[in-house]
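Undergrad: okay, structure incoming, though there's no sequence with it:
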């Protein structure tokens with residue numbers, strides 16, 4: 001990939017570049033006066049892309065005025081270059097940014113399933129190549145100007161169903177399928193309403209856009225849910241999601257967030273498996289929605305909003321996220337503290353999550369702070385919009401920015417979310433259109449869109465206020481930076497645990513009243529054993545380039561990731577821990593009999 005930034009005042013007509021066949025995305029500002037630009041070429045084989053759109057003030061034409069920022073996309077090669085140069089000559093369009101995205105034709109087409117298993121391994125090199133590209137995602141098509149905003153909000157919908165060995169003859173099936181097949185057990189009668197929740201944003205967003213609204217939503221679907229939907233023949237749900245993920249008319253209004261494929265709780269997941277979950281979700285997502293869609297996934301949503309606070313686990317977690325191309329993650333406000341051990345001050349600006357390990361190595365990643373608790377009514381009733389209306393602009397570094405109220409909630413659980421969310425979602429965007437056209441005052445944004453806007457205005461991630469997981473201030477007081485060693489850190493943790501009953505290194509999540517460790521030794525022990533066996537058997541074979549494309553590898557990986565799901569602890573002892581034991585047995589059998 002070639003990413004070129006041209007300064008203000010540089011003429012596009014003198015800076016045409018080609019790199020074989022490539023997609024060029026220009027963001028420009030026009031000079032004084034009104035101009036018209038014709039984007040056509042005479043020769044058929046030159047394949048022009050006549051997508052020249054002005055997004056300001058609801059203009060949908062190729063007429064530009066002073067100060068308007070516009071974007072257009074074209075396909076360019078050597079044959080087109082001269083014609084495009086001639087087209088732009090005389091307009092002296094000042095280039096703000098130009099991004100070049102390499103042709104994806106060399107990337108393999110991925111099947112969604114292979115041998116009945118999710119396609120979540122085998123092309124890791126290609127996945128990492130795609131996700132590491134750093135071109136802007138939303139900035140080229142943004143229809144909102146930062147200077148016009150008082151405040152903003154972002155809402156995310158979390159969707160998940162585990163895979164369980166509860167089908168015919170113990171087949172692995174989605175829990176959603178089990179609900180359909182056993183409607184009289186518990187709340188299983190909600191199976192169809194749940195399925196509708198997984199599908200409905202694919203209808204709501206296009207309807208709102210086509211009515212002139214300016215909606216935004218972030219989506220977080222676990223890998224097991226996406227696989228289960230295909231398994232049970234609900235391609236209608238996936239097709240609806242593809243509509244808002246891949247169609248350029250609706251894609252700018254929707255941001256997908258990455259997550260752990262098997263809905264694992266990061267603090268208690270074996271460290272070598274953190275990247276396996278992260279990469280498996282990206283691989284599977286590309287197989288369903290395509291490489292271009294994967295390239296746009298830059299935010300991460302941790303299952304259960306879990307954040308490790310053990311220094312080494314946190315460091316490896318952040319390292320894996322950055323290696324997999326993520327720019328930011330959601331963080332629960334009570335799971336972090338300032339470097340001095342205090343609660344966060346102003347929560348509605350981006351923070352810099354600092355990860356320092358027991359050897360003194362440091363990494364950082366941008367964190368957007370999810371405020372308040374886990375009540376799904378916060379999203380279902382669009383509380384972030386109404387809270388944002390009470391806020392005003394803040395100074396971040398030397399830049400004035402609108403604050404961002406960020407919330408995530410289960411997208412299907414509870415009557416409020418199932419029934420009250422759609423009308424509340426409609427009402428909020430209609431109100432925004434009436435008060436500011438949907439582009440001024442208080443607006444909705446996605447996380448990556450917000451960060452791209454404020455960073456284009458001059459903010460830098462290095463200048464965001466720092467935070468760290470709760471409990472680390474006490475730890476670093478006991479182990480000064482000059483004396484950091486793994487042994488010293490472990491000794492300090494043991495000492496603090498004896499002295500302070502509330503001190504713990506098992507991480508935080510969306511709730512303070514639940515431990516993902518205590519009382520679940522009968523799940524965590526087999527989980528650790530299966531992970532250790534997986535790496536003992538598989539890691540020596542990594543030099544085999546075809547290893548991760550082998551069916552036996554996918555089977556072993558599947559059971560390893562499934563066993564680490566939070567569901568086998570969240571629902572308590574009994575049926576769910578029995579499921580965990582069976583998954584462990586099958587995974588162990590694959591590793592011992594097929595290798």
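TA: Everything's here; your move. Just so we're clear, the structure is a prediction, and the values are computed from it rather than from any experiment.
Undergrad: for the chain, give me the ranges with low pLDDT.
TA: Scanning the chain for pLDDT under 70 picks out 1-105, 373-375, 511-520, 571-572.
Undergrad: the spatially most central residue of it: which element?
TA: Taking Cα atoms, centre = their mean, the centroid of the chain lies closest to residue 257, which sits 2.0 Å from it. In the assignment (DSSP states H and E), residue 257 maps to strand 254-258.
Undergrad: elements contacting that strand?
TA: Strand 254-258 is packed against strand 217-221, helix 235-246, helix 271-289, strand 299-300, helix 447-456, with contacts defined by 3 or more Cβ pairs under 8 Å, 6 or more residues apart in numbering; DSSP states H and E. (Each C-beta comes from the backbone N, C-alpha and C, glycine too.)
Undergrad: which strands border the longest strand along the chain, and is each parallel or antiparallel?
TA: Counting residues, the longest strand in the chain under DSSP state E turns out to be strand 149-159. Using DSSP bridges, the strands paired with strand 149-159 are strand 217-221 (parallel), strand 404-410 (parallel), strand 441-444 (parallel).
Undergrad: now the following helix or strand past the first one and helix 271-289, what's the angle there?
TA: Sequence order places helix 223-231 as the next helix or strand after strand 217-221, per DSSP H and E. Here helix 223-231 runs at 40 degrees with respect to helix 271-289, directions being taken by axes from the mean of the first three to the mean of the last three Cα atoms, to 10 degrees.
Undergrad: contacts for helix 223-231, please.
TA: Residues from elsewhere that reach helix 223-231, judged by Cβ atoms under 8 Å, 6 or more residues apart in numbering: 112-113, 118, 120, 159-163, 173-177, 198, 235, 237-238, 259-263, 280-281, 284-285, 288, 561-562, 565.
Undergrad: now, of those residues, which are buried?
TA: By neighbour count, with 16 or more other Cβ atoms under 10 Å, these hold 112, 118, 120, 159-163, 173-177, 198, 237-238, 259-263, 280-281, 284-285, 288, 561-562, 565 as buried.
Undergrad: now the strands for the stretch 101-250 of the chain?
TA: 113-114, 117-118, 149-159, 163-165, 172-174, 217-221 (DSSP state E, counting those that start in this stretch).
Undergrad: can you list the ones you listed in CSV and add distance to residue 484?
TA: Formatted as CSV, these follow (distance: least, Cβ to Cβ, whole Å):
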stretch, distance to residue 484
strand 113-114, 45
strand 117-118, 40
strand 149-159, 36
strand 163-165, 41
strand 172-174, 44
strand 217-221, 35
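Undergrad: between these, which gets nearest to residue 194?
TA: When the strands of the stretch 101-250 of the chain are ranked by proximity to residue 194, the top entry is strand 149-159, at 8.8 Å, counting by Cβ to Cβ.
Undergrad: circling back: just want the angle from the longest strand of the chain to helix 235-246.
TA: Using the same axes, to 10 degrees: strand 149-159 against helix 235-246 is 150 degrees.
Undergrad: so how far is strand 149-159 off the chain centroid?
TA: 13 Å (Cα atoms, centre = their mean, to the nearest Å).
Undergrad: could you tell me the angle between that strand and strand 254-258?
TA: 50 degrees.
Undergrad: buried set for stretch 412-424?
TA: Within stretch 412-424, the residues that count as buried by 16+ other Cβ under 10 Å are 412, 413, 414, 416, 417, 418, 420, 421, 422, 424.
Undergrad: ok, those residues vs residue 209, which is closest?
TA: Closest approach to residue 209 among these (Cβ to Cβ): residue 422, at 15.5 Å.
Undergrad: you'd agree the closest one is up against residue 204?
TA: Yes. Counting by Cβ atoms under 8 Å, residue 422 does reach residue 204; the two are 6.6 Å apart.
Undergrad: quickly list what's touching both of those two.
TA: Residues touching both residue 422 and residue 204 by Cβ under 8 Å, 6+ apart: none at all.
Undergrad: want to throw the helices and strands packed on strand 254-258 into a markdown table with distance to residue 471?
TA: Converted to a markdown table, the helices and strands packed on strand 254-258 look like this (distance: least, Cβ to Cβ, whole Å):
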| stretch | distance to residue 471 |
| --- | --- |
| strand 217-221 | 26 |
| helix 235-246 | 38 |
| helix 271-289 | 18 |
| strand 299-300 | 22 |
| helix 447-456 | 26 |
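Undergrad: quick one: contacts for the closest residue to residue 239 other than its chain neighbours?
TA: Spatial nearest neighbour of residue 239, chain neighbours left out: residue 202 (7.8 Å); criterion: Cβ to Cβ, 6 or more residues apart in numbering. Neighbouring residues of residue 202 by Cβ under 8 Å, 6+ apart: 237, 239, 240, 241, 242, 243, 244.
Undergrad: what does residue 154 give?
TA: 216, 218, 368, 384, 404-407, 444-447, 450.
Undergrad: swap in residue 253?
TA: Per Cβ under 8 Å, 6+ apart, neighbours of residue 253: 205, 208, 209, 214, 215, 216, 217, 244.
Undergrad: please redo it, this time with the cut-off set to 10 Å
TA: 138, 141, 143, 201, 205-206, 208-209, 213-217, 244, 444, 446, 449 (Cβ atoms under 10 Å, 6 or more residues apart in numbering).
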